[in-house]
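K.L.:
the sequence and its predicted three-dimensional model are supplied below.
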Amino acid sequence: MPEKSRPSAGASRAKGTAAATTDADSGTPADVVAENKPRRSDGPKVRPKNGLDRYFEISARRSTVGREIRGGFTTFFTMAYIVVLNPIILSGADVSGGELPFPGVAAVTALIAGVMTILMGVVGRYPFAVATGLGINAIVAVFAFTQLTWPEIMGLVVLEGLLITVLVLTGFRRAVFEAIPPQLKTAIAVGIGFFLTIIGLVDAGFIRRAQEGVVPVSFGINGQLAGWPILVFVVGLLLMSVLVVRRVKGGLLIGIVATTILAMIVEAVAEVGPTFTEDGVNPRGWALQVPTLPDQVVSAPDLSLIGNFSLFGGFERIGVIAALLIVFSLMIADFFDTVGTVTAVGAEGGLLDKDRNLPKSQPVLLVDSLAAAAGGAGSVSSNTTYIESASGVADGARTGLASVATGVLFLVAMFFSPLVQVVPSEAAAPALVIVGALMITQIRHLVWDDMVLVIPAFLTIALMPFTYSITNGIGAGVITYVLLSAVTGQVRRIHPLMWVISAMFLVYFALEPLQQLF
């Protein structure tokens, strides 16, 4: 058919009609299948320039060494906040009668992130960075404050990581990844785009918890964009928007650095200070790091926390069933957070195949599983693949060489942690919003004329930002997909493993009453 006579998929869907033949099992339009072939295989094969190029497939994925290094830097500066935020979340946990040392948590957080991100780059060969999972560290902190000591909960994290590693080695984890239908995988990418956006807006103080009134969140401070930090965020957002639209190489990295310099100037002139002070809360202060040059640039890392875990101490304290339920909850969160992250980042980089799967994903999943156990063994909570990797991908990264660059910067950060703290969250948050905008463009691949597919996709997209959890969104989408397909007589489209995944999520969502029961 001549090109001029072929109706566009977008135009047909806008009229409420199917644009092309739809696959009965997956619900994926034929035009989407054609459109989502990996970009690295488009066109003639490119001969690698050297051994490094051949190993990481740099030319094959239409990238360059410079672009990969730049993307690795962008990812690091977007997620470097974890070196500071993780100690803040975990501070106060009981460790042999004392509290976790802030410098020690920061140093080991950077160490584990650096080692595992380099391993992800060398073994997984994809631009995925690894660090302590924010959702998971909040969960383990709660258990450490209420039921278990820190070494005991870290022992359960190690067991959870080892269990997922076994699932990877048996092929089960990859099978689950591939069993999720393309419609839900696309919805995961879109949902994570909105999730990243709300993370960026909250980190910058652009939206906040409402102190009073009927709405759960508010716009700035009392409905106004008050305070210098918010202004810095807005300037950074506008700057990065211009750089991305103008296709400036390294636009996000340039934006983060420029916004950080602006923040330092603002702090030097206005003396804004932090949000939380000894005198109380300053709502117009910097959310996390105050952008000032530190008194010292280099500091010796404190690695004393490594190995401070009790593998079976939790079972002795709270019993086998209660401990297994905690391990299960950690495993589900770790398991499906990674599914969502890999899908979303892979989609952003055009790295997925026609079924929205990541080719050669087994090494990626293996490193991610080992990272969970490594985080527990390092006593800084489970490590997982980071959604902020999308910022580096949006800046051009396509291979594991970018992850090697990010990992090296984390190792350097062990010694230069005071310097890392110069970058405020208000300078990194605009990059998350821009990446969110890039990722929601995947919404064009969704099927809109079949409510059996629309409702699960909608719940997946909506619940990720609204519940601040990738796992919750995936769980709601999986359960409703299986239910609606079954009640409409479309059982054939349900992959057998989807029944197993649904049952796992039902247990996950019912963990609270189950824990009370046992």
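P.N.:
Okay, I see it. Numbering: from 1, shown residues only.

K.L.:
please make it C-alpha for all contacts and neighbour counts, starting now.
P.N.:
Will do.

K.L.:
quick one: Ala397 and Gly71 touch, right?
P.N.:
Yes: contact criterion CA atoms under 8 Å: Ala397 and Gly71 qualify, at 4.7 Å.

K.L.:
can you pull out the helices in the stretch 301-450 of the chain?
P.N.:
Secondary structure of the stretch 301-450 of the chain (DSSP state H, counting those that start in this stretch): helices located at 313-318, 320-348, 362-377, 389-394, 400-415, 417-420, 425-439.

K.L.:
deepest of these, which one?
P.N.:
helix 389-394 (a mean of 30; mean count of other CA atoms under 10 Å).

K.L.:
neighbours around Arg61, how many?
P.N.:
Residues within reach of Arg61, counting by other CA atoms under 10 Å, total 21.

K.L.:
first-to-last residue distance for stretch 386-405?
P.N.:
15 Å (CA to CA, to the nearest Å).

K.L.:
stretch 86-103 now?
P.N.:
11 Å.

K.L.:
which residues does stretch 251-258 contact?
P.N.:
70, 73-74, 77-78, 236, 239-240, 243-244, 391, 395, 427-428, 431 (CA atoms under 8 Å, 6 or more residues apart in numbering).

K.L.:
which residue in those residues has the weakest pLDDT?
P.N.:
Ranked by pLDDT, these bottom out at Ala428 (82).

K.L.:
skipping its backbone neighbours, what lies nearest it in space?
P.N.:
Thr78 (5.3 Å; CA to CA, 6 or more residues apart in numbering).

K.L.:
now, which of the contacts of stretch 251-258 lie within strands?
P.N.:
When DSSP state E defines the strands, the subset of these inside them is empty.

K.L.:
of those residues, closest to Pro103?
P.N.:
Phe77 (19.5 Å; CA to CA).

K.L.:
excluding sequence neighbours, find me the nearest residue to the closest one.
P.N.:
Ala428 (7.0 Å).

K.L.:
for the one you found, what are its contacts?
P.N.:
Counting by CA under 8 Å, 6+ apart, Ala428 has contacts 77-79, 200, 256.

K.L.:
which of those residues sit farthest apart?
P.N.:
Maximum distance among the contacts of Ala428 (CA to CA): 13.7 Å, for Phe77 and Gly200.

K.L.:
name the residues that touch the helix or strand harbouring Met116?
P.N.:
Counting by DSSP states H and E, the element that carries Met116 is helix 102-119. Applying CA under 8 Å, 6+ apart, the contact partners of helix 102-119 are 82-84, 86-88, 91, 128-132, 301-306, 367, 371, 374-375, 378, 380, 383, 403-411, 413-415, 417.

K.L.:
7 Å instead, please
P.N.:
For helix 102-119, the external contacting residues (CA atoms under 7 Å, 6 or more residues apart in numbering) are 83-84, 87, 91, 129-132, 301-305, 367, 371, 375, 378, 380, 403-404, 407-408, 410-411, 413-414.

K.L.:
so who does Ala226 touch?
P.N.:
Ala226 touches 220, 284, counting by CA under 7 Å, 6+ apart.

K.L.:
against Phe206, how distant is it?
P.N.:
9 Å.

K.L.:
what touches both of the two?
P.N.:
Gly220.

K.L.:
helix or strand with the lowest mean pLDDT in the chain?
P.N.:
helix 9-14 (a mean of 36; mean pLDDT, DSSP states H and E).

K.L.:
how about Thr385, nearest residue that isn't a chain neighbour?
P.N.:
Val130 (4.5 Å).

K.L.:
from Ala347, how far off is the one you found?
P.N.:
From Val130 to Ala347 the distance is 18 Å (CA to CA).

K.L.:
the residue nearest to Ala428 reaches Glu388, doesn't it?
P.N.:
Yes: with contact defined as CA atoms under 7 Å, Thr78 and Glu388 form a contacting pair (6.5 Å).

K.L.:
I'd guessed Thr275 sits against Ala287; true?
P.N.:
Yes: with contact defined as CA under 7 Å, Thr275 and Ala287 form a contacting pair (5.5 Å).

K.L.:
more neighbours: which of these two?
P.N.:
Ala287 (21 against 16).

K.L.:
how close does that one sit to Thr259?
P.N.:
15 Å.

K.L.:
again, but for Asn222
P.N.:
For Asn222 relative to Thr259 (CA to CA), the value is 25 Å.

K.L.:
of the two, who's got more company?
P.N.:
When Asn222 and Thr259 are compared for neighbours, Thr259 comes out ahead with 26 against 12, by other CA under 10 Å.

K.L.:
show me the contacts for that one.
P.N.:
232, 236, 427.

K.L.:
which element is the nearest residue to Gly436 once chain neighbours are set aside on?
P.N.:
Spatial nearest neighbour of Gly436, excluding adjacent residues (CA to CA, 6+ apart): Gly193 at 3.9 Å. Using DSSP H and E, Gly193 maps to helix 182-203.

K.L.:
just the C-alpha atoms of that helix, please, in CSV.
P.N.:
Written as CSV, here are the backbone C-alpha positions of helix 182-203 (Å, rounded to 0.1, in the frame of the first residue of the first chain):
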residue,chain,number,x,y,z
PRO,A,182,2.8,-6.0,26.3
GLN,A,183,-0.1,-3.8,27.2
LEU,A,184,0.9,-3.9,30.9
LYS,A,185,4.6,-3.5,30.1
THR,A,186,3.7,-0.3,28.2
ALA,A,187,1.5,0.9,31.1
ILE,A,188,4.4,0.2,33.5
ALA,A,189,6.6,2.5,31.5
VAL,A,190,3.9,5.3,31.3
GLY,A,191,3.2,4.9,35.0
ILE,A,192,6.8,5.2,36.0
GLY,A,193,7.0,8.4,33.9
PHE,A,194,4.2,9.9,36.1
PHE,A,195,5.9,8.4,39.1
LEU,A,196,9.2,10.1,38.3
THR,A,197,7.4,13.3,37.7
ILE,A,198,5.7,13.4,41.1
ILE,A,199,9.0,12.3,42.8
GLY,A,200,10.7,15.3,41.2
LEU,A,201,7.9,17.7,42.1
VAL,A,202,7.9,16.5,45.7
ASP,A,203,11.7,16.5,46.1
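
K.L.:
OK, contacts around Met240?
P.N.:
251-252, 255.

K.L.:
got it, and Gly250?
P.N.:
So Gly250 contacts 70, 395 (CA under 7 Å, 6+ apart).

K.L.:
now it: phi and psi?
P.N.:
phi 70, psi 30 (degrees, to the nearest 10).

K.L.:
and it, how far is that from Ala394?
P.N.:
Gly250 is 9 Å from Ala394, by CA to CA.

K.L.:
how about Asp203?
P.N.:
20 Å.

K.L.:
could you do Ala204 as well?
P.N.:
21 Å.

K.L.:
ok, Phe466 next?
P.N.:
Phe466 is 24 Å from Ala394, by CA to CA.

K.L.:
for the residue lying closest to Met439 once chain neighbours are set aside, what are its contacts?
P.N.:
Leaving out its chain neighbours, the residue that sits closest to Met439 by CA to CA, 6+ apart is Gly193, at 4.9 Å. Counting by CA under 7 Å, 6+ apart, Gly193 touches 436-437, 439-440.

K.L.:
which of the residues in stretch 194-209 are buried?
P.N.:
194-208 (16 or more other CA atoms under 10 Å).

K.L.:
quick revisit: format the contacts of Met240 as TSV; extra columns: pLDDT and secondary structure.
P.N.:
Shown next, in TSV, are these (pLDDT from 0 to 100; DSSP: H, G, I helix; E, B strand; the rest coil):
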residue	pLDDT	secondary structure
Gly251	83	helix
Leu252	82	helix
Gly255	88	helix
